[in-house]
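Asker: dropping a prediction and its sequence here:
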Amino acid sequence: MHGLGHDSLICVPDEACAYFWARCPATVPRMCRMDQLSTAQQLFNEMQQQGCQPTHTTFITLLQSAEQHGQAQIAVSLLEQMQTMSLRLTPQCYAAAIGACAAAGQLVTARKLLADMLASSKAGMAAPAHIIMQLQDKCCDWQGAYRTYLKLLASGVRPDSQTTATAIEALWGAGNVSSCLLALQVFEGACQQGVFRLSVSVQAADTAVEFSLPVAGACMALIGLWRLLAELKGRVARDGAKILRNSVVVLLGDGQTTVPQLHPAMVQWCAVPGVPFTVDGSSVIQVKLTAPAPELARWLLSDQSLLMCPVMPAAAELEGLQETLMQDAETATLSKCRQQLLEATEMERILTQSANTLPLQYLQTRASLWQQLQAACAKLQPNAPELPHAAFVLLDQAAAAGLVDTAATDPSDGSSSVPHAWLLAACVVLASQAAAARAPAVSGGPISTATAVLSEADVANQFGAKVDDVLLGVGRVRERCPAACRGPIASAYTLVGVYLEALLAGQMERKVPPASLVGEALALSGHASSHLSSLSMPASQLAAVLLVAGRQSRGLHPVWPKALVVLTGMLSPVGSAQQQFLQELVSKAATLRHS
């Protein structure tokens, strides 16, 4: 700007326009920092109105700023302006616009822009395969990334380490079984072709065994690490811990190139209780893991190491994968889960209540009420773990509707200061009826669903209430909470089951342990049900936070898989307001795992 005021820039002659645009790449970033992108865009538009034509470099600068701030509308507008001005749309332009749309959660728009880029003879042909796969990954199109990888193989080109890592990041990042298996297949192919080579050495004085894995991605690092540990487990079982010397060192990365997300992924993995490795230093170029040999040997031979990886079949088994069948099964499962989630979300929209709508006396006893419901339901229907969660949702609705906000002690009077046995029993009866009605629609899911309706007499007996009082309570809840009794009850527990089913997509005949995909997320829902923090979140978000906590506690990466981004529309369910709650859940998960 060099001393010129804003008005001066608008009124400068044509010669100054060139002067401005030549220096705009330096000016625009300054204006884009600290939420000044809109100011930069405004000045950009004003200069054009004065007849100053921006350069290709200026557009690139603004597009990259729009991507950084997740401003999808600005990015799309900039691309349209470039087309109008007949400026060449390079892969760099498309990449920034696609990134902006993806960061804003506008995946449909991002995918359309990517399709436009690939359809463009110039931009599409100019983009390397790994760039295309990176953009497909941003769009959560892991199947598209896999097709791009296969197309590259079919062309006779041998993928390099970067291209291989990009394909693996897209597939493993999806998080579901079918895509993880394909990621493993790509990894094994890279090993066979010599793209990825593990090296091993023994340090001086025979004190440590050092393994070097020249990975180019965080997901690639986890796969390589798990493959190495599986091999070591077999060797230790056969030859004893002496083969590990005094300690084991694992170097991840080539030591030259920054590997995104590698360091935090390894820190998270090493933080899992029982894992004997520690991260040395904070390098983002090469991560060094160290473990004492005795502790590592004990851990490898224990049950604790069995569920550290979602899917890890033998390499020979990967050769027989039926990709088309797996991906078709994946698509069908995601479609089914999406329908279930839509139904639950619609009901949730009607039912969502904030903590302020619940009476204070009820909030003070809410935790103990959850324990009563959980204990009673475990005796009434032990094979229906979702029952107390659904009953608890109804109990909250009854409290919000004023059924428990006065000092009445008889159900015929309407309510009571603390829920009496008849109201707890009524909520269980209604939850049982809702579960039985819903069972045919959700059969085959990863969590058991009750199919038999509990009798009012059995429930009344369990709670020590009169049958007539329970029947009257059922009628009052239906009258005061009609929406809650009409459709599927969207408890966090049920929705964790929907998310789990989406992650199990494509497992075919395999029986992948649910805990290896979601950790203790299902069990955590019981802990969260009576937690006041859960009241401020819709059930779909609470279920997502539970899943993130479960995966984080297992060291799984990413903690929020892209398959669930597509399913829920949530780029990340955990914001700053949920961080403390998340960490509490992660700590609780460790306790549940060892109990």
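Answerer: Good, I have the coordinates.
Asker: mind listing the helices for the stretch 251-400 of the chain?
Answerer: Here the stretch 251-400 of the chain has its helices, by DSSP state H, counting those that start in this stretch, at 262-270, 293-300, 315-318, 323-351, 360-380, 387-400.
Asker: V477: which of those is closest?
Answerer: helix 387-400 (5.4 Å; Cβ to Cβ). (C-beta placed from N, C-alpha, C; glycine too.)
Asker: show me what contacts G281?
Answerer: Going by Cβ atoms under 8 Å, 6 or more residues apart in numbering, G281 touches K288.
Asker: can we see that at 10 Å?
Answerer: H263, V287, K288 (Cβ atoms under 10 Å, 6 or more residues apart in numbering).
Asker: is the second one in a bridge, and if so with what?
Answerer: On the basis of DSSP bridges, V287 is bridged to L252.
Asker: where exactly do the helices run in the stretch 1-150 of the chain?
Answerer: 6-11, 14-32, 37-49, 56-69, 72-84, 91-103, 107-119, 121-126, 129-138, 142-154.
Asker: hmm, back to that, kindly give a single ChimeraX line that selects the buried subset of the contacts of G281.
Answerer: Filtering the contacts of G281 down to the buried ones (16 or more other Cβ atoms under 10 Å) takes a single ChimeraX command:
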select :263,287,288
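Asker: turn the contacts of G281 into TSV, including pLDDT and distance to M220.
Answerer: Listed next are these as TSV, based on pLDDT from 0 to 100; distance: Cβ to Cβ, whole Å:
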residue	pLDDT	distance to M220
H263	94	14
V287	95	12
K288	95	17
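Asker: neighbours of V108, just the number please.
Answerer: Other residues within reach of V108 by the criterion other Cβ atoms under 10 Å amount to 10.
Asker: pull up the per-residue confidence for it.
Answerer: Looking at V108, its pLDDT is 94.
Asker: same check, this time on the one 10 residues further on
Answerer: Predicted confidence (pLDDT) at L118: the value is 90.
Asker: centre of the chain versus stretch 59-67, how much separation?
Answerer: With Cα atoms, centre = their mean, to the nearest Å as the basis, stretch 59-67 stands 27 Å off its chain's centre.
Asker: mind checking the pLDDT average for that stretch?
Answerer: pLDDT averaged over stretch 59-67 gives 86.
Asker: can I get the CA coordinates of that stretch in PDB?
Answerer: Provided in PDB are the C-alpha atoms of stretch 59-67 (Å, rounded to 0.1, in the frame of the first residue of the first chain):
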ATOM      1  CA  PHE A  59      -6.900 -15.000  -7.200                       C
ATOM      2  CA  ILE A  60      -4.700 -17.800  -5.900                       C
ATOM      3  CA  THR A  61      -3.900 -15.800  -2.800                       C
ATOM      4  CA  LEU A  62      -7.500 -15.100  -2.000                       C
ATOM      5  CA  LEU A  63      -8.600 -18.700  -2.700                       C
ATOM      6  CA  GLN A  64      -6.000 -20.000  -0.300                       C
ATOM      7  CA  SER A  65      -7.100 -17.600   2.300                       C
ATOM      8  CA  ALA A  66     -10.700 -18.700   1.800                       C
ATOM      9  CA  GLU A  67      -9.600 -22.300   2.200                       C
END
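Asker: which positions in it come out as buried?
Answerer: Neighbour-count burial for stretch 59-67, counted by 16+ other Cβ under 10 Å, picks out F59, I60, T61, L62, L63, Q64, S65, A66, E67.
Asker: and what of stretch 281-294?
Answerer: Using 16+ other Cβ under 10 Å as the test for burial, stretch 281-294 gives S283, Q286, V287, K288, L289, T290, A291, P292, A293.
Asker: quote the end-to-end distance of stretch 498-507.
Answerer: 15 Å (Cα to Cα, to the nearest Å).
Asker: so how far is that stretch off the chain centroid?
Answerer: Put simply, stretch 498-507 sits 13 Å off its chain's centre (Cα atoms, centre = their mean).
Asker: do the same with stretch 468-479
Answerer: Per Cα atoms, centre = their mean, the centroid offset for stretch 468-479 relative to its chain is 40 Å.
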